[in-house]
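1. here is a sequence together with a model predicted from it:
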Amino acid sequence: MQDLTIALVQHNISWHQPQANRGALETKFNQLESHTQLIVLPEMFTTGFTMATKQMAEPVNGPTLAWMQQMAQKHQAIITGSFIVQLPQGFVNRLHWVQPNGTCQTYDKRHLFRMANEDTFFTPGTENPVFKLDDWRIKPLICYDLRFPVWSRNTSPHYDILLYVANWPQTRINAWDALLKARAIENLSYCLGVNRVGIDGTQKPYNGHSAVYSYKGEQLTPPTEQEEILTITLKKEDLDTYRKSFPAFLDADSFNITT
């Protein structure tokens, strides 16, 4: 079974400056290990977490998607992260999953952060996809989704990695740490979260804590509050072996989600 090498890019996002953020990230990508297969960027990595939808939104096939396609091809790795997209029915906080051949899959944030009025400016997503990378199945979610275990639950189609991209502020970082660990344990999966650092345009501070947790809740990456790239290789055989020895998922409650 194939191992998977992932780069978590903990980035200090420049407020409302898509071109500057793309340029800074492009420079960071030169630090990537050559065998990296998946590059994960934070939520709204081109702008910071903003409600300036009319000013900052891009069309479906806009410049940031084109840039992601270029970078994915150059580094021969999947690149994922979210930015604001304008659709006919409104604006979405859309995660893009871009492969080296240019194909793209998407996930639109389901749970919109009402405390910042995100639910006023954005349309919630309804699809809950699982993406494939070789032998791995990966469920992508965005920031506030972390607080809702039902939406994150490892039900059909099952996944091996639960992935969150975020702009999670320093004032609530204890919840981020606790919930990432909990989601890993309860879903018998690897769980990773990529957060930003720095201060945004509303003077809100972010202190990172991007991390990867094992299916047993062990933190596999060192804690960090600096702007950096965390690279880790995950082993599918270890996950499968543990699931066979401790198949708690067989006793999980069945349910349906109404969207």
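-> In hand now; what should we look at?
2. would you confirm that residue 176 contacts residue 166?
-> Yes: contact status for residue 176 versus residue 166: in contact at 7.3 Å, counting by Cβ atoms under 8 Å. Where you see a C-beta, it was placed from the backbone N, CA and C, and this is true even at glycine.
3. what do these two both touch?
-> Common contacts of residue 176 and residue 166 (Cβ atoms under 8 Å, 6 or more residues apart in numbering): 146, 193, 195.
4. my guess is residue 110 contacts residue 145, does it?
-> Yes: contact status for residue 110 versus residue 145: in contact at 5.9 Å, counting by Cβ under 8 Å.
5. the two: which has the busier surroundings?
-> Comparing residue 110 with residue 145 by other Cβ atoms under 10 Å, the one with more neighbours is residue 145, at 25 against 20.
6. chain neighbours aside, what residue packs nearest to the more buried one?
-> Counting by Cβ to Cβ, 6 or more residues apart in numbering, residue 145 lies nearest to residue 111, which is 4.9 Å off, once chain neighbours are set aside.
7. low-confidence bits of this protein, can you list those?
-> The model of the chain has pLDDT under 70 over residues 1, 259.
8. in it, mark out all the strands, start to finish.
-> 4-10, 38-40, 78-87, 90-98, 104-108, 131-133, 136-142, 161-165, 190-194, 197-199, 205-207, 211-213, 228-234 (DSSP state E).
9. make TSV out of those and add mean neighbour count and distance to residue 219.
-> Shown next, in TSV, are the strands of the chain (neighbours: other Cβ atoms under 10 Å; distance: least, Cβ to Cβ, whole Å):
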stretch	mean neighbour count	distance to residue 219
strand 4-10	24	13
strand 38-40	25	16
strand 78-87	23	21
strand 90-98	23	24
strand 104-108	20	25
strand 131-133	17	22
strand 136-142	23	19
strand 161-165	27	15
strand 190-194	27	10
strand 197-199	17	18
strand 205-207	18	16
strand 211-213	24	6
strand 228-234	17	11
